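Enquirer: Sequence unavailable; structure follows:
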């Protein structure tokens, strides 16, 4: 009958009611659905993790005391403060050089000798000539004395009418002639003496001595070289005082108005960048230096190149650590604060605020009052305490002085 169930149908219905095992196809369908649920849950967890912001990593620096300087930077060249070019004043062959580059000499020391046989012979000849003239003068003086004695005797005889007037006149003429010869000989002696003095001076100049004390820094002539001093003074060598150096500094025309004579200045050299040499500005030359081959324009620049002026200052060099020609990195000190509370310039915002790390590890913004500012640091007059830390920027996790701030 259609309304009745068979015994088999009844058994299947009872089996499903008591939870008998399903067929293999049904089990596979349930497992696929459960795996999809697990994958979806893991995706949601990963998405939540990705959307969570990472902690911000900041770089900080301490608020500490520093010596600050506001400086004008320039480049200079070292030169000896005093130097003398020694030349030859007589012509001849350079017979001997008694010094070498680097030798220290005192004023009056023998430097070189020029072969002066001609000058020496001339001096001997002039001395002999003068000696002959002096002997001639002595003879003429004796003649003059005799003539004057004869004149006095004849004048006495004339008064006693024992001699004629003509004889007296003859005696007077003889005295006059002898007096003239004496005067001429004296003039010749004076001329010979002057010529002899000039030749002796030339002979002395053949022996060249140091005009000042210092160090021989250059030699321009060689032994055996022929020197001609008739048209120009041949340069032999240069002596410089290396105990004191002058720094010739090129300063841009934009910075020159900020300079003033007497202001502090210090410099370093390429070979010793950690050693500071201190001085004061001595002089600012009124016109730019003229370039080689450039016409004199009275200091007016006629091209578009940068115009520079020379600023000079001196520095002691007793230990000879500085040498002529060295390059100097120069800093003219315009203002200074020797013991200022300072922070890095990077920590200061344009509105005059800084971000400060609190003891609890949080960041707060604070307004500060600043003072002297240099390229890297700025003085803080109010708003910060020594030892606090200020944020200077975002850093990498491996950078120094890092703090992590959770959002």
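Expert: Yes, it's here. What you see is a predicted model; the values in this text were computed from it and never measured.
Enquirer: in the stretch 101-250 of the chain, which spans are strands?
Expert: 104-105, 110-114, 207-209, 214-219, 226-227, 235-252 (DSSP state E, counting those that start in this stretch).
Enquirer: Just tell me which of those ends up closest to residue 180.
Expert: Smallest distance to residue 180 across the strands of the stretch 101-250 of the chain (C-beta to C-beta): 41.9 Å, for strand 207-209. Every residue, glycine included, has its C-beta placed from N, CA and C.
Enquirer: weakest of the strands of the stretch 101-250 of the chain in terms of mean pLDDT?
Expert: Mean pLDDT values for the strands of the stretch 101-250 of the chain show the minimum at strand 226-227, a mean of 90.
Enquirer: Which neighbouring elements make contact with it?
Expert: Judged by 3 or more C-beta pairs under 8 Å, 6 or more residues apart in numbering; DSSP states H and E, the packing partners of strand 226-227 are strand 92-97.
Enquirer: so how far is the strand it packs on off the chain centroid?
Expert: Here the centre of strand 92-97 is set off from its chain's centre by 36 Å, with C-alpha atoms, centre = their mean, to the nearest Å.
Enquirer: Check stretch 173-185 too.
Expert: For stretch 173-185, the distance to the chain centre is 72 Å (C-alpha atoms, centre = their mean).
Enquirer: Buried ones in it, by neighbour count?
Expert: Within stretch 173-185, the residues scored as buried using 16 or more other C-beta atoms under 10 Å are 174-175, 178-179, 181-182, 185.
Enquirer: wait, which of those is closest to residue 367?
Expert: residue 185 (103.7 Å).
Enquirer: Name the nearest residue to that closest one, sequence neighbours excluded.
Expert: residue 137 (4.4 Å; C-beta to C-beta, 6 or more residues apart in numbering).
Enquirer: next one: residue 89
Expert: residue 205 (4.5 Å).
Enquirer: next one: residue 171
Expert: Residue 171 sits nearest to residue 151 (C-beta to C-beta, 6+ apart), 4.1 Å away.
Enquirer: gap between the one you found and residue 98?
Expert: 63 Å (C-beta to C-beta, to the nearest Å).
Enquirer: between the two, which one's more packed in?
Expert: residue 151 (19 against 13; other C-beta atoms under 10 Å).
Enquirer: who touches that one in this structure?
Expert: Contacts for residue 151 (C-beta atoms under 8 Å, 6 or more residues apart in numbering) come out as 168, 171-172, 174-175.
Enquirer: ok, now how distant is it from residue 179?
Expert: Distance from residue 151 to residue 179, by C-beta to C-beta: 11 Å.
Enquirer: do residue 338 as well
Expert: From residue 338 to residue 179 the distance is 87 Å (C-beta to C-beta).
Enquirer: Please apply the same query to residue 370.
Expert: 98 Å.
Enquirer: returning to that earlier point: how about the strands of the stretch 101-250 of the chain in CSV, adding distance to residue 127 and mean neighbour count?
Expert: Below are the strands of the stretch 101-250 of the chain laid out as CSV (distance: least, C-beta to C-beta, whole Å; neighbours: other C-beta atoms under 10 Å):
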stretch, distance to residue 127, mean neighbour count
strand 104-105, 32, 16
strand 110-114, 21, 20
strand 207-209, 18, 18
strand 214-219, 35, 19
strand 226-227, 26, 16
strand 235-252, 29, 20
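Enquirer: Including distance to residue 346, could these go into a markdown table?
Expert: Compiled in a markdown table, the strands of the stretch 101-250 of the chain are given as follows (distance: least, C-beta to C-beta, whole Å):
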| stretch | distance to residue 346 |
| --- | --- |
| strand 104-105 | 52 |
| strand 110-114 | 60 |
| strand 207-209 | 63 |
| strand 214-219 | 47 |
| strand 226-227 | 66 |
| strand 235-252 | 26 |
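Enquirer: Tell me which of those sits nearest to residue 131.
Expert: Residue 131 lies closest, by C-beta to C-beta, to one member of the strands of the stretch 101-250 of the chain: strand 207-209, at 24.7 Å.
Enquirer: Appreciated, that's everything.
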